[in-house]
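Asks: how would this look folded up:
(chains A, B and C)
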Amino acid sequence: MQKKVEGSLVALLFAGTAFIGAWWGAHAWLPSLASRHGAGIDAMLRYLLLTTGALFVTGYVVLAYFIWKGSRRDAIGKRFASRRTERLLSAGLGLTMAAVAEGGVLAIGMPVWSEYFDAAPTGDAIEIEVTAQQFMWNVRYPGQDGVFGRTDPALVDDTTNPLGLDRNDPHGKDDVIGLNDITVPFGRAVHVRLHSKDVIHSFFLPNFRVKQDAVPGMTPEVIFFPTQTGHFELACAELCGLAHYRMRGTFNVVSQKEFEEWLRQQK
Amino acid sequence: MNTTALAMDTPTVREDQLKLGLWMFLATVTMLFAAFTSAYVVRRSGSDWRHVALPSILWINSAVLGTSSGAVEFAYARGARGRWRTSAVAMSIAFALGVVFLAGQMVAWRQMVAAGVYLPTTPHSAFFFMMTGAHAVHIVAALVVLAWGTVVTVRAAGQRRGWAARMSLCRTFWHYLGVVWVFLFALVSLY
Amino acid sequence: MATPAEVVQANGVQTFRPAGVPTHDTRGFVRRFVFSTDHKVIGIQYIVTGLLMAIVGAALASLIRLQLGFPDQQWPLLSKLLPAGYQGGVMLPEFYLAVVTMHGTIMVFFFISYVLVSGFGNYLVPLQVGANDMAFPFLNMLSYWIAFLSAAVLIFSFFVTGGAAAAGWTAYPPLSALAAAVPGSQMGQTLWLLSMALFIASFTMSGLNIVATVLSVRAPGLSMMRLPLTVWSYFVSSILGLLAFPPLTAAAVMLLLDRHFGTSFFLPSGLIVGNKLVPSTGGSPLLWQHLFWFLGHPEVYVLQLPALGIACDILPAFTRKPVFGYRTSVYCLMAVGCLSMIVWGHHMFVSGMSPFSGEYFSLATMTITVPMTIFGVNMLASLWGAKLDLKAPMLFVCGVIALFGSGGLGGLFLGNATADMQLHDTYFVVGHFHMMIGGVTLLATFAAIYFWFPKMFGRTMNETLAKAHFWLTFGPFFTIFFMQHFLGLQGAPRRYYAFTAYDYLRNTRGQNLVISLCAFVLVSSQFLFLINFVWSLVQGRSAASNPWRATTLEWTLPSPPPHDNFGEAPIVARWAYEYGVPTPEGDFATQTVPAASVPVTA
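Replies: Modelled structure (predicted):
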């Protein structure tokens, strides 16, 4: 009797976990979407949530069932699986589950990955350079001439010249430099070149599904196409020291007019 | 069938275990040097790579190590024929040459320092000191094994059991480090 | 001096005369219990050391959850107890990072690895292969004391200037290379690296021992395909460790040189820290990541496989049926071992490595799904048709199967580059790896302790406390780490001291509170286990030699086994899963029951 009660309780634990877990997981967790390639990532995440959710509930319910049934038995089931059954069942089930999960991943994922990385910047993409440092984001626009001025680490002074701009370079004269605040016009692609002055940081725009480590000594790039206007946040996603948790920036998508007005104000 | 004679020459479980242990240890050591090598190859493609001149004594050290391996082989061949005295002498020579190799490596390092080339001078020098240092640490361990092999050989005159298998362990470890040295030397010189 | 072991022909049967070790160890206390070469003593030493480190790790976790669950609170008591870490009752962010780093390092390397891999590995492998000790007993003793030293060095690092390492257990340079980048990168990081070097040396010795023992001292009749899955899992795990750890050694040497000798293996030019230009040139931070993860990924399988193998061996004693798909499971273990060495880049999808590498590593990681799924299906199917006895070890094994399933499913998200873009370095990763390493391995460790405690100490643990331990562990554990997956989907980054700076993370407050409360329940309920463990050691009822009516070789010996284990080697006649067959003993036959008495299944 006690065995049966215990078995039922354990089965209830796993079955309960499955249903409560599925209920909890079925909420909308993703931050609001604001980029084009992000739709592909969200599709991937939703597909995975659905398939893994189904596998999760099925697995736990089967486990609960076996436990419930097993605790009621006085003798083991008469039939033992033959070697052939063992091989077929485990291989069959295993491969099927893997195929469903991974097949979807491949089908949905590869195009997204290709779009994200093979995308060449369109002609009118807005060019931005972001230089991360402990614990802020230096932002630079190339200005009217569309060319970034030369920088040199030897020229860096954190207070007066955080980017190490070469004052003698004519291209640098019209560069617009800011801190922690990125504004872009709606309707154009955004092309960000990432630098880091000290340790590895990571440029994370949760709403745009953009994340790229800013690695000192390298210049990784991201290209994406905003699909919403608004004010969004930029977070650092690679441990960079004690203020890693408050290395916040803002990313604003505004109309072309507002953008030009804003740019004018920066100079 | 003369089981006694067979038993003396066939490796015991103990020797099999030691051989197994040694080969796995060598697999681990190989992975270590493979890691250093892959780091070297990656770094080599950097724009600041500057090859530093390596002291010519390294060639002499290589010859010394090679001769030492030869001495171990000679000791093995002689021991297989029951010439224990010669074998033991050859092992001692191998050991001595191993020590000479280490001394020669230290001379090489000092020559580089005297020429103003230190560990951080260029990536090439950094890898040179680091990898030859790692190799030297393993040579020290191998010298201990060689010493053990010499003792085993000296004792084998009265007690041959399993000698061949134990000698094999010495040989394998020593020749392995010789091969690693040849590879490292070639890497830092040519690439 | 003991006479060496040897194989002897006698009456047409090859038997194994083991080393002439006495049945009872008559040496003094120090040789018997401190510098012992007896694998059973060494195994217990590892387990005890690991459990002590676990207490430290759990305390650190409590501090983390206190901070994240109650970010606006002050704790004056903690300011008194830990003045270096708390000021005015508020945790210092640099201390938080040191706590996070050390929690991870201690739990992975000094708790799970010591208890599950080295502890139970050393204890069980010689017994389960029918040997009297490991192949290299002296090396075994050496490996433990180096492991002890490694743990001591790590604990000591809390007390040096700047405190313990604070660059995460992953220690990415330049953060871990530049002393000015974070306080823990002063001496703390150096001691961390030295501790890891000692750890790797110790683990190499242990691994060599296990592989040599499995290959060279199996009892007569014990072919490889008759080995219990536990032994197979330690075998594969040890080979994996032997091949995977050296790149971390190489990387640690290079990082030490960068930190103290002015080299630039990982440091590029142009670094500005403290408004000063660092003189490094040309190094690559990515090089560290490749070398680290080349070990880092196999390492998680080094920990997981023994957990899975042990679960598969505890199962049949409580289902009274053979494990499902033994051979397939063996092949899966081998496949996972091999595949785990070629997928490390899935930790680096957004690191700046080439997108082509990203595609390769996504595809390669997908292949690991196959053997792991098959293994999981086999574990689940082992419950089919079972006559279940839900004793404490079995409860924990059910937990292992459950968490392996749910945790493993999370891996599908992270293993492909597309989804990982959003989830990398968020709490999704934290939830996933805790479910796998904190869940599967932790619950398997508890199952193993409850199962083998009678054999190890000759005493029985309290079943009621053990069951309560399970009930108060599974629920909170699942809640915490399941919820963290969704924190990650919401975009909460990891290693954050607080989420209060961001609007988009406003809604995570309540979730973090719940998680922290569950964490405190979880940590508290471990006292049930500790009390049970200690009390049973002293007062537990005596244990019989085979209280679980299990089939593997250790259960043919008294509890605890004599110093020389078997004396004369046992002759093995069958595989380790002869359950559910009518025999003189009831419904099972230990591996030594001769073929003439009970038909041999395999």
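Asks: now the residue nearest to C:A135 when sequence neighbours are not counted: which helix or strand?
Replies: In this structure, C:A135 finds its nearest non-sequential neighbour in C:A212, 3.8 Å apart by C-beta to C-beta, 6 or more residues apart in numbering or on different chains. Placement of C-beta: from N, CA and C, glycine included. Using DSSP states H and E, C:A212 maps to helix C:187-216.
Asks: what about that helix, distance to the chain center?
Replies: Its chain's C-alpha centre and that of helix C:187-216 lie 14 Å apart, by C-alpha atoms, centre = their mean, to the nearest Å.
Asks: next, give phi and psi for the residue in the stretch 151-300 of chain C that chain A sits nearest to.
Replies: Chain A sits closest to C:P268 of the stretch 151-300 of chain C, with a gap of 2.4 Å, by C-beta to the nearest C-beta. The phi/psi pair for C:P268 (degrees, to the nearest 10) reads phi -80, psi 180.
Asks: the residue of the stretch 51-200 of chain A found nearest chain C: neighbour count?
Replies: As assessed by C-beta to the nearest C-beta, chain C sits closest to A:G77 within the stretch 51-200 of chain A, at 2.8 Å. The local packing of A:G77 (other C-beta atoms under 10 Å in any protein chain shown) involves 15 other residues.
Asks: then A:L242?
Replies: Number of residues near A:L242 (other C-beta under 10 Å) recorded here: 21.
Asks: my guess is it contacts C:A181. True?
Replies: No: assessed by C-beta atoms under 8 Å, A:L242 is found out of contact with C:A181, at 9.5 Å.
Asks: what residues does chain B have near chain C?
Replies: For chain B, the residues in contact with chain C (C-beta under 8 Å from any C-beta of the partner chain) are B:12-14, B:16-17, B:20-21, B:24-25, B:27-29, B:31-32, B:34-36, B:39, B:42-43, B:46-49, B:119-120, B:123, B:126, B:130, B:134.
Asks: and those residues, which are buried?
Replies: Buried members of the residues of chain B next to chain C, counted by 16 or more other C-beta atoms under 10 Å in any protein chain shown: B:12-14, B:16-17, B:20-21, B:24-25, B:28-29, B:31-32, B:35-36, B:39, B:43, B:46, B:119-120, B:123, B:126, B:130, B:134.
Asks: so where is the chain shaky, pLDDT-wise?
Replies: Went with chain A since none was named. The model of chain A has pLDDT under 70 over residues A:118-121, A:267.
Asks: that was the other one, I meant chain C.
Replies: Scanning chain C for pLDDT under 70 picks out C:1-26.
Asks: tell me which residue lies nearest the centroid of it.
Replies: With distances taken as C-alpha atoms, centre = their mean, C:I112 lies nearest the centre of chain C, 3.2 Å away.
Asks: A helix includes that residue, no?
Replies: Yes: the assignment for C:I112 is a helix, going by DSSP: H, G, I helix; E, B strand; the rest coil.
Asks: and the gap between it and C:T445?
Replies: As judged by C-beta to C-beta, to the nearest Å, C:I112 and C:T445 stand 7 Å apart.
Asks: got it, and B:A63?
Replies: For B:A63 relative to C:T445 (C-beta to C-beta), the value is 54 Å.
Asks: so which bits of the stretch 201-350 of chain C are right by chain B?
Replies: So the stretch 201-350 of chain C meets chain B at C:204, C:207-209, C:211-212, C:215-217, C:239, C:242-247, C:249-251, C:253-254, C:257, C:261-265, C:269, C:281-284, C:287, C:290-291, C:294 (C-beta under 8 Å from any C-beta).
Asks: which of these fall in helices?
Replies: If you go by DSSP state H, these have C:204, C:207-209, C:211-212, C:215-216, C:239, C:242-244, C:246-247, C:249-251, C:253-254, C:257, C:287, C:290-291, C:294 in helices.
Asks: low-confidence bits of chain B, can you list those?
Replies: Scanning chain B with the threshold set as pLDDT under 70 gives B:1-11, B:157-161.
Asks: output the contacting helices and strands for whichever helix or strand A:V222 is part of.
Replies: Assessed by DSSP H and E, A:V222 sits inside strand A:221-224. In terms of contacts (3 or more C-beta pairs under 8 Å, 6 or more residues apart in numbering or on different chains; DSSP states H and E), strand A:221-224 is packed against strand A:190-196, strand A:210-214.
Asks: which of these sits most buried?
Replies: Compared across those, strand A:210-214 shows the largest average neighbour count, a mean of 26 (mean count of other C-beta atoms under 10 Å in any protein chain shown).
Asks: tell me what that one is packed against?
Replies: Using 3+ C-beta pairs under 8 Å, 6+ apart: strand A:210-214 touches strand A:126-133, strand A:190-196, strand A:201-205, strand A:221-224, helix C:417-423.
Asks: could you dump those into JSON lines with distance to B:L143 added?
Replies: Converted to JSON lines, these look like this (distance: least, C-beta to C-beta, whole Å):
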{"stretch": "strand A:126-133", "distance to B:L143": "50"}
{"stretch": "strand A:190-196", "distance to B:L143": "46"}
{"stretch": "strand A:201-205", "distance to B:L143": "48"}
{"stretch": "strand A:221-224", "distance to B:L143": "53"}
{"stretch": "helix C:417-423", "distance to B:L143": "49"}
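Asks: looking at those, which is nearest to C:T161?
Replies: With distances scored as C-beta to C-beta, the stretch of the helices and strands packed on strand A:210-214 nearest to C:T161 is strand A:126-133 (24.8 Å).
Asks: angle of the closest one against strand A:190-196?
Replies: 20 degrees (axes from the mean of the first three to the mean of the last three C-alpha atoms, to 10 degrees).
Asks: which other helices and strands does strand A:126-133 contact?
Replies: Strand A:126-133 is packed against strand A:136-141, strand A:181-185, strand A:190-196, strand A:201-205, strand A:210-214, with contacts defined by 3+ C-beta pairs under 8 Å, 6+ apart.
Asks: want to throw the ones you listed into CSV with distance to A:G249?
Replies: What follows is these, written out as CSV (distance: least, C-beta to C-beta, whole Å):
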stretch, distance to A:G249
strand A:136-141, 4
strand A:181-185, 7
strand A:190-196, 12
strand A:201-205, 9
strand A:210-214, 12
